[in-house]
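>>> Quick one, what's the 3D model for this:
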Amino acid sequence: MIQLNSIKVNEIHFYSSKIKSLIIFIISSIFIFIFFNKDLENEGLGIIIIFYLGFLLFWLGFVYSILLLFRTKPLLTVTDKQIIIYNLLRKPTTINFEDISSFYISNTTFRGIKTNESICITIKDDPFGRKGNIINTDLLNVKTNALLEELNYRRTIICKS
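Residues are numbered from 1 along each chain as shown. A predicted model of the protein is given here:
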């Protein structure tokens, strides 16, 4: 809890899940090792192109997982007045609770298995044309429903005051 000008500001920081980052690191490392040991002398051009695109994909996953593993800053901060969404390679996005009309959970499934889960933020009428933002909860070290309850609680407190 931080006190600024006699006003208490309650901040909650959410960090990346090191276990999920480690899993991405191990999978990417295995496939990169397989790609380095593959002999492409007698393969066609299409196979070689697919091979190098796959290699690039897993190399980017390897770098991304290293960035997440060694990150000490939070990926999401929730204060009494705003939400700050930090991106790895961009400036953070700040959204005031006064500007938010609602939250909802969106998930993607593939053959009945949930592959992605996010909290979508619906912004009230914005003169700049912003429609909303997304909090990707897959890499956060928090359950989506618990985070959604906390966000709704803080939004209702701001709306009442």
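
>>> from here on, contacts and neighbour counts on C-alpha atoms
Fine.

>>> Tell me how far Leu69 lies from Asp125.
For Leu69, the distance to Asp125 equals 38 Å [CA to CA, to the nearest Å].

>>> Between the two, tell me which one has more neighbours.
Leu69 (17 against 12; other CA atoms under 10 Å).

>>> tally of neighbours for Arg154?
By other CA under 10 Å, 17 other residues sit near Arg154.

>>> cool, Asn133 as well?
Neighbour tally, Asn133, other CA under 10 Å: 16.

>>> Is it in contact with Ser118, as I believe?
No. Counting by CA atoms under 8 Å, Asn133 stays clear of Ser118, with 10.1 Å between them.

>>> In this protein, where's the longest helix?
helix 45-69 (DSSP state H).

>>> Could you name the helices and strands sitting against the helix or strand hosting Ile157?
Assigned by DSSP states H and E, Ile157 belongs to helix 144-160. If contacts are counted by 3 or more CA pairs under 8 Å, 6 or more residues apart in numbering; DSSP states H and E, helix 144-160 sits against strand 100-110, strand 113-123.

>>> Can you give me the buried ones in that helix?
144, 148, 151, 154-155 (16 or more other CA atoms under 10 Å).

>>> quick check: angle from the one helix or strand Phe33 maps to to helix 45-69?
Taking DSSP H and E as the definition, one finds Phe33 inside helix 18-36. For helix 18-36 against helix 45-69, the angle by axes from the mean of the first three to the mean of the last three CA atoms, to 10 degrees is 150 degrees.

>>> remind me which residues of this structure are low pLDDT?
For the chain, residues meeting the criterion pLDDT under 70 lie at 1-9, 126-131, 161.

>>> residue nearest the centroid of it?
Of all residues in the chain, the one closest to the mean position by CA atoms, centre = their mean is Asn136, 3.7 Å from it.

>>> I'd guessed that one sits against Ile121; true?
No. Using CA under 8 Å, Asn136 makes no contact with Ile121, being 11.0 Å away.

>>> re earlier: quick check: closest non-adjacent residue to the residue nearest to the centre of the chain.
Once flanking residues are discounted, Asn136 sits nearest to Ser118: 4.5 Å by CA to CA, 6 or more residues apart in numbering.
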